[in-house]
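In: test case, fold it:
(3 chains)
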Amino acid sequence: MKRLDFKKAKIVQEELSKRVIVEDKFIFPPKSIAGLDISYRKGKAVACCVILDYETLNVTEVRLVKEEVRVPYVPTFLAYRELPYYVYLCYDLKNRNDIVVFVDGHGLAHPRKMGIACHLGVTLNIPTVGVAKKLLVGKIKTINNKKYLALNDEIIVAVIIEREKHGPIYVSPGHRVSLKTAEKLVLRTLTSKHRLPKPIQLAHFYSKKESKRI
DNA sequence: GCGACAG
DNA sequence: ATCTTGTCGC
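Out: Down below sits the predicted model:
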């Protein structure tokens, strides 16, 4: 397993964070919405990208890739482990402005405001949103009865969506999407049956299903 | 130094 | 995230 040079990796994140755009730079409503997730099994990673029609939320495409895991998981450096699979799966989406990609993990809600959703968005120049199940950093702030996540006790980087029946999810902008729109897109794709929005839920389902074949 | 820590 | 069966509960 390859080891990371944390000092350099941190500098790369700090430099890339300067290129993150937290404004809506895509066609609304988008033509499609995609979800990314990865399952692991015996040293192998099975990454999945599910693309849905935004209007009907019907699945139009399912992509899978199975590869050796080369980098260990280290908190705040998740992208160095998982980004390669996502770049491979989403390469043809490069520069598009009619699709938004949901990533399983944080976007701006990261110590250096460079979670994996931001990293993927900046790398391929595509609109992305981070959706996480657990907190990495930040302090919860309540504004008008809605919960948000703030960094340095100041900057709002994520909105927390809470529902009966399900645990909370943390939604933060990845790239070319505002916080308000990120929330709107996620709310549009939530279903009563699952905690995560449909695109990511399906990516999780298919990647897990495929990983069981290893 | 100690504890926290996306997937 | 994964290693893991049945089982308690909404």
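In: pretty sure residue A:174 contacts residue A:123?
Out: No - in this structure residue A:174 lies outside contact range of residue A:123 using CB atoms under 8 Å: 10.6 Å. All C-beta spots, glycine's among them, are computed from the backbone N, C-alpha and C.
In: the two: which is more packed in?
Out: residue A:174 (32 against 19; other CB atoms under 10 Å).
In: quick check: which element contains the more buried one?
Out: Using DSSP states H and E, residue A:174 maps to strand A:166-175.
In: check which residues of that strand are buried.
Out: Residues of strand A:166-175 classed as buried by neighbour count (16 or more other CB atoms under 10 Å): A:168, A:169, A:170, A:171, A:172, A:173, A:174, A:175.
In: and what of stretch A:146-164?
Out: A:148, A:149, A:150, A:151, A:156, A:157, A:158, A:159, A:160, A:161.
In: okay, among those residues, which ones form the most distant pair?
Out: Maximum pairwise distance among the buried residues of stretch A:146-164 (CB to CB): 18.5 Å, between A:151 and A:161.
In: near DNA strand C, which residues of chain A?
Out: Residues of chain A lying close to DNA strand C by CB under 7 Å from any atom of the strand are A:38, A:39, A:40, A:41, A:42, A:73, A:133, A:165, A:208, A:211.
In: my read: the first one touches residue A:85, true?
Out: Put plainly, it is residue A:38. Yes - using CB under 8 Å, residue A:38 is in contact with residue A:85, at 6.2 Å.
In: quick one, what contacts residue A:203?
Out: Counting by CB atoms under 8 Å, 6 or more residues apart in numbering, residue A:203 touches A:35, A:36, A:37, A:48, A:49, A:50, A:104.
In: what separates it from DNA strand C, distance-wise?
Out: 12 Å (CB to the nearest atom of the strand, to the nearest Å).
In: that residue: helix or strand, and which one exactly?
Out: Judged by DSSP H and E, residue A:203 forms part of helix A:198-211.
In: and for residue A:75, the neighbour number?
Out: Residue A:75: 9 neighbours (other CB under 10 Å).
In: am I right that it is in a strand?
Out: No - counting by DSSP: H, G, I helix; E, B strand; the rest coil, residue A:75 falls outside a strand, being coil.
In: the nearest residue to it once chain neighbours are set aside: how many residues sit nearby?
Out: Of all residues not flanking residue A:75 in the chain, residue A:136 sits nearest, at 6.9 Å (CB to CB, 6 or more residues apart in numbering). If you count neighbours by other CB under 10 Å, residue A:136 ends up with 18.
In: helices of chain A, residue ranges please.
Out: Taking DSSP state H as the criterion, chain A carries its helices at A:6-17, A:78-90, A:116-124, A:179-189, A:198-211.
In: show me the contacts for residue A:31.
Out: Taking CB under 8 Å, 6+ apart as the definition, contacts of residue A:31 comprise A:53, A:54, A:98, A:99.
In: about what we covered before: what subset of the contacts of residue A:203 is also close to DNA strand B?
Out: Within the contacts of residue A:203, those near DNA strand B by CB under 7 Å from any atom of the strand are A:37, A:104.
In: most remote residue from the middle of chain A, which is it?
Out: In chain A, counting by CA atoms, centre = their mean, residue A:144 sits farthest out from the average C-alpha position, at 26.1 Å.
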